[in-house]
Every structure is written in C-alpha cells, then in structure tokens.
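# return a 3D structure for these sequence lines:
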Amino acid sequence: MLVGDPYDGAENLNYVGQYILYKAQTTKTQTYFTLEHVVSGTDESGNFGTKIVTHDLNNDGYPDIIVSSPMSDNQKGKVHIIDNNTQEERMVLKGLNSFDHFGSSLAVWDNYLAVGSPYSDDTCLNEGQSCGSVNIYRLNGFENVTLITTLSSPSSDSNFNAFGSSLMFATLPLDGVDTNLLIVGEHWADGEYPSVDKRAGIVNIFDMENVITADDGTNVMPSILTLGKGFGSAFGTSFALTASGNLAISAPLEGSGLAATGHVYIKSSDNIKYIDDLYPMEDNTQFGASLAGIETGLHHGLVIGAERSCQGARMGGAIYFA
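Here you go, the predicted structure:
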C-alpha cells in the first residue's frame, strides 16, 4: 500500500512531502501492514506525494511508482518516476511555467500517462488566463517516456477553469461499444451558465483513440461534455466507478447560500446519463471532496469523503459508504 504525505515537513514550514510504502501480510483472520520504505521529496514546499499512480515500466512484473510534487520549482510542478525495486528516481517530468501546478492530477492506462496542469496557460486563447491543460505521455521503459500530445479546455477563452484538476481513465460502453475514455475535470468552468462566472464545473470525456492519433491535441474535442448544475458547486472535483460500472462525479461545494453540503451524481455507464444522486443528511460537509471505488470481501461500492463533516468532531470529516 502506498500512502502520500505531501505536507510532511509542516513542522519546519517546508512541506517537502513524502510517500510511505507498506507491505500487506495476510493471515487466516486478518490483514495487517508493516512499514517497508519512506521516500522523501527534495524540493522545499514541493508537496511531493500529492498524487501517486503505479505502472510497470520495465516489465519485471512489479509496478513502479509515479508520484507528483505540483508545487516544486516555484509551482511549475514535477512528476517523478521511481523504480519500485530500489526506490530510486529514474526520470523527472517538469512543468513549463511558474504556477502551472503540473502534476496536480495523474492517471495511467495501458502505456499512457496523463498529467494535469490545471493553471497552465500554454493552450489558452490569451496569456495569463490559466485555463489548464493535460499532457499525454507514452510509457516505454524508464528511459523512454514521450510526450505525444497536450489537451486543452474546450472553453479556453475563460479564466481559471482548472481543466485537468482531476483525471481518470475508464472503459465504458458508448452507444453499446466498450470505449477507452479519459475523463477530465474542470471544476471551476461555467457549467450550465455559459459566459457567466458561475463556476458550476464541467466534466470532459475524451475518446482515447482520438487523443493518441491526433496531430494536435488542442484540437481534440470531448466526445461527451457533462455540465454542473449548481452555482459554484465545483462539479467534477473527483470521479470513481461504482460496483455496477456506472460513473460517480462529485460536486462538493454544491448547496444553497454558503452551505457547501456537497452532492455526488451517478451517471449510467452507457452514454453517461443521470440515473441517481447521493447527498448527506447534514449541511456544510463538502460531501464528495474525494471518491473511490472499493471492492473487498466485505464491501463492493463507493467510498465518499466529506472533509468538513461534524459527525465525529467539529469539521473532523467523515467517510461514507454507498
């Protein structure tokens, strides 16, 4: 088990960050974890360990570690590729400009790595808009990680959309055909309020076949665009697949007035239509701040974080199972 700790160093106000690798051991009655490695970042205020994914780059049968430090190098951001056998860094991918926050989100599928830079303005219509972008890399060993294209926000004429703030690969049936998709959150975009600064949020769903064959990724349009409905709801903050294969999308700031109660929408796997929604029984919880699908011997479903829930302690947070 890998655990990111991006705020390690807070006692010295340097926030270098680290990740911790635990080894699982199972008996007839329980599973327990023992500490195996602790790997620290090297950049002050880099928040190393913010996002972590794994992929076997050297084909030795063991997943290697890809970890981000989006605040490194004056917030340009970095993504570190680490050999799982030695815990040594083998390659570093870097953001281009200050405040890009390159590595704020990561996703891996097959031999492709997606890296979000939600405040990049490289693909915006005007300099300084910080509309966001997503780089797509082909993974072929530690020494051969190649940038193949960069995706941009379909609403690249707007400011601070945060395109690429969340990412997920999924295979879902579109029009009855299983399709490899890249799902990109843009939680500060205008959603159902075009040309009005409402920040409802947008989720962009790209067909990966179109992405990897494009000459210019900035011209690739989403196959499906799903729009947030609530004023300032941050729709698209997090995604997960449910046990039945449907897509869950969170809007943790949705609520009336200043009550950021939060909402999780469930969309059907075929053609991404609304079929259900989930919400908590208390206000101001930011229900849906994080999502994860879970499949264990005891539970098959959805785990929902509500980071400001007061059920246990004031703003102590809560975890819901659905």
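
# where does the stretch 101-250 of the chain have low pLDDT?
Applying pLDDT under 70 to the stretch 101-250 of the chain flags residues 123-129, 156-159, 191-198.

# ok, which stretches of it are strands?
105-109, 112-117, 133-139, 145-152, 163-174, 177-186, 202-207, 224-227, 239-241, 247-251 (DSSP state E, counting those that start in this stretch).

# now those strands in a markdown table, with mean neighbour count and distance to N84?
For the C-beta atoms, the positions are set from N, CA and C on the backbone; glycine is no exception. Conversion of those to a markdown table gives the following (neighbours: other Cβ atoms under 10 Å; distance: least, Cβ to Cβ, whole Å):
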| stretch | mean neighbour count | distance to N84 |
| --- | --- | --- |
| strand 105-109 | 21 | 14 |
| strand 112-117 | 27 | 16 |
| strand 133-139 | 22 | 14 |
| strand 145-152 | 18 | 16 |
| strand 163-174 | 22 | 20 |
| strand 177-186 | 21 | 25 |
| strand 202-207 | 24 | 29 |
| strand 224-227 | 17 | 35 |
| strand 239-241 | 21 | 25 |
| strand 247-251 | 28 | 30 |
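
# could you save the ones you listed as CSV and add columns showing distance to T213?
Listed next are those as CSV, based on distance: least, Cβ to Cβ, whole Å:
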stretch, distance to T213
strand 105-109, 15
strand 112-117, 12
strand 133-139, 11
strand 145-152, 9
strand 163-174, 16
strand 177-186, 12
strand 202-207, 10
strand 224-227, 18
strand 239-241, 24
strand 247-251, 24
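
# what distance do you get for the residue most central in space within the chain to P118?
Geometric centre of the chain, nearest residue: S166, 3.3 Å, by Cα atoms, centre = their mean. Between S166 and P118 the distance, using Cβ to Cβ, to the nearest Å, works out to 9 Å.

# show me what contacts T149?
135-136, 211-212, 214, 216-217, 220 (Cβ atoms under 8 Å, 6 or more residues apart in numbering).

# again, only using 6 Å
136, 214, 217 (Cβ atoms under 6 Å, 6 or more residues apart in numbering).

# return the member of the residues you listed nearest to I266.
Nearest to I266, judged by Cβ to Cβ, of these is I136 at 27.6 Å.

# correct me if wrong: the closest one contacts L147.
No. Using Cβ atoms under 6 Å, I136 is not in contact with L147, being 7.4 Å away.

# give me the distance from stretch 7-23 to the chain's centre.
Mean-position distance between stretch 7-23 and its chain equals 20 Å (Cα atoms, centre = their mean, to the nearest Å).

# how long is that stretch end to end?
From its first residue to its last, stretch 7-23 covers 22 Å (Cα to Cα, to the nearest Å).

# over to stretch 23-40?
18 Å.

# would you mark the buried spots in the strand or helix carrying G288?
G288 belongs to strand 287-295 when assigned by DSSP states H and E. Of all the residues in strand 287-295, those buried under the rule 16 or more other Cβ atoms under 10 Å are 287-291.

# JSON lines please, covering these and showing distance to G103 and pLDDT.
Below are these laid out as JSON lines (distance: Cβ to Cβ, whole Å; pLDDT from 0 to 100):
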{"residue": "F287", "distance to G103": "26", "pLDDT": "87"}
{"residue": "G288", "distance to G103": "23", "pLDDT": "89"}
{"residue": "A289", "distance to G103": "19", "pLDDT": "89"}
{"residue": "S290", "distance to G103": "17", "pLDDT": "90"}
{"residue": "L291", "distance to G103": "20", "pLDDT": "91"}
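
# going by distance to K51, which of those wins?
S290 (12.0 Å).

# spit out the contact partners of the closest one.
Contacts of S290 (Cβ under 6 Å, 6+ apart): 238, 305.

# and Q87, what is it in contact with?
When contacts are taken as Cβ under 6 Å, 6+ apart, Q87 is in contact with 37, 39.

# quickly note the distance from it to V38.
Q87 is 9 Å from V38, by Cβ to Cβ.

# if we can go back for a sec, I'd like the contacts of T149 as CSV, with distance to D43 appended.
CSV is the format used below for these (distance: Cβ to Cβ, whole Å):
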residue, distance to D43
I136, 24
A214, 33
G217, 28
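
# closest one of those to F160?
G217 (20.9 Å).

# quick one: the closest one and T150 touch, right?
Yes. G217 lies in contact with T150 (Cβ under 6 Å); the separation is 4.9 Å.

# hmm, G95 and K76 touching each other?
Yes. Contact between K76 and G95 holds when scored by Cβ under 6 Å: they sit 3.8 Å apart.

# in terms of packing, which of the two has more residues around it?
G95 (27 against 20; other Cβ atoms under 10 Å).

# show me the contact partners of stretch 97-111.
Residues outside stretch 97-111 that contact it (Cβ under 6 Å, 6+ apart) are 51, 53, 55, 68, 70, 74-77, 79, 95, 114-120, 138-139, 166-169.

# try 7 Å
By Cβ atoms under 7 Å, 6 or more residues apart in numbering, the list of residues contacting stretch 97-111 from outside reads 50-51, 53, 55, 66, 68-70, 74-79, 94-95, 114-120, 138-140, 164-169, 180.
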